[in-house]
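Asker: Sequence plus the predicted model coming up.
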Amino acid sequence: MAMGKVPGNADDPAAEDGVFSEINITPLTDIFLVLLIIFMVTSSVIVNQGAGAKAGLKVNLPQGGAADVQAQANDLSVAILSDGRLVLAGDVVSADELKRAFDEARAKSPETLVIVQADEGVPHGKVVEVMEAAKAAGLGQLAIGVREATK
């Protein structure tokens, strides 16, 4: 049990200033484990509900064989959902808002890369429409986001 002297021991007069050499950390460990479980459950619920500006989007990208383009800090990534909605930086935007974002990106850097991530079910015309809007704004570097082909 305790390895030091127990304070208040009447048999030993020097025991008044004794020190406990063991600390029971079991309650502390229990609290940390409960907090860990709470944070894990909460974070998975937030991601699955899509709450928050940067929550994961469920876009079913087509498969591709070429190497994927990695987005840089100044690049724009536009997602086209299966129902035709446009998503820019985690926010659903209209076509006019997207054109304004393209114009702002062109003003900041003419070398901005536009990555279009369209769901497999999106009509080809919608993808071309977004790419034409980017080219009309003066952004000539375009890429189409795909998922890696399974072997």
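Answerer: Yep, that arrived. Residues are numbered from 1 along each chain as shown.

Asker: quick one, strands of the chain?
Answerer: Taking DSSP state E as the criterion, the chain carries its strands at 63-64, 76-80, 86-88, 91-93, 113-118, 141-144, 147-148.

Asker: Parallel or antiparallel, which strands does the third one pair with?
Answerer: Partner strands and pairing direction for strand 86-88 (DSSP bridges) are strand 76-80 (antiparallel), strand 91-93 (antiparallel).

Asker: Pipe the strands of the chain into TSV and attach mean neighbour count and distance to Ser44 per row.
Answerer: C-betas here are computed from N, CA, C, even on glycine. Output for these, formatted as TSV (neighbours: other Cβ atoms under 10 Å; distance: least, Cβ to Cβ, whole Å):
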stretch	mean neighbour count	distance to Ser44
strand 63-64	12	27
strand 76-80	21	22
strand 86-88	18	21
strand 91-93	13	23
strand 113-118	22	23
strand 141-144	16	30
strand 147-148	13	22
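
Asker: ok, of those, where does mean pLDDT dip lowest?
Answerer: Mean pLDDT per stretch puts strand 63-64 lowest among the strands of the chain, at a mean of 58.

Asker: before we move on, back to that, nearest to Gln117, of the strands paired with strand 86-88?
Answerer: Gln117 sits nearest to strand 76-80 of all these, at 4.6 Å, using Cβ to Cβ.

Asker: Skipping adjacent residues, who's closest to Pro110 in space?
Answerer: Gly138 (6.5 Å; Cβ to Cβ, 6 or more residues apart in numbering).

Asker: Could you measure from that neighbour over to Gln117?
Answerer: In this view, Gly138 and Gln117 are 21 Å apart by Cβ to Cβ, to the nearest Å.

Asker: Check Asp30 too.
Answerer: In terms of Cβ to Cβ, Asp30 sits 44 Å off from Gln117.

Asker: Now do the helices in this protein.
Answerer: Using DSSP state H, the helices found in the chain span residues 26-49, 95-108, 124-136.

Asker: list the buried ones in the longest one?
Answerer: Judged by neighbour count using 16 or more other Cβ atoms under 10 Å, helix 26-49 contains no buried positions.

Asker: any idea of the mean pLDDT in it?
Answerer: Helix 26-49 comes out at a mean pLDDT of 88.

Asker: Likewise for the last one?
Answerer: Helix 124-136 comes out with an average pLDDT of 86.
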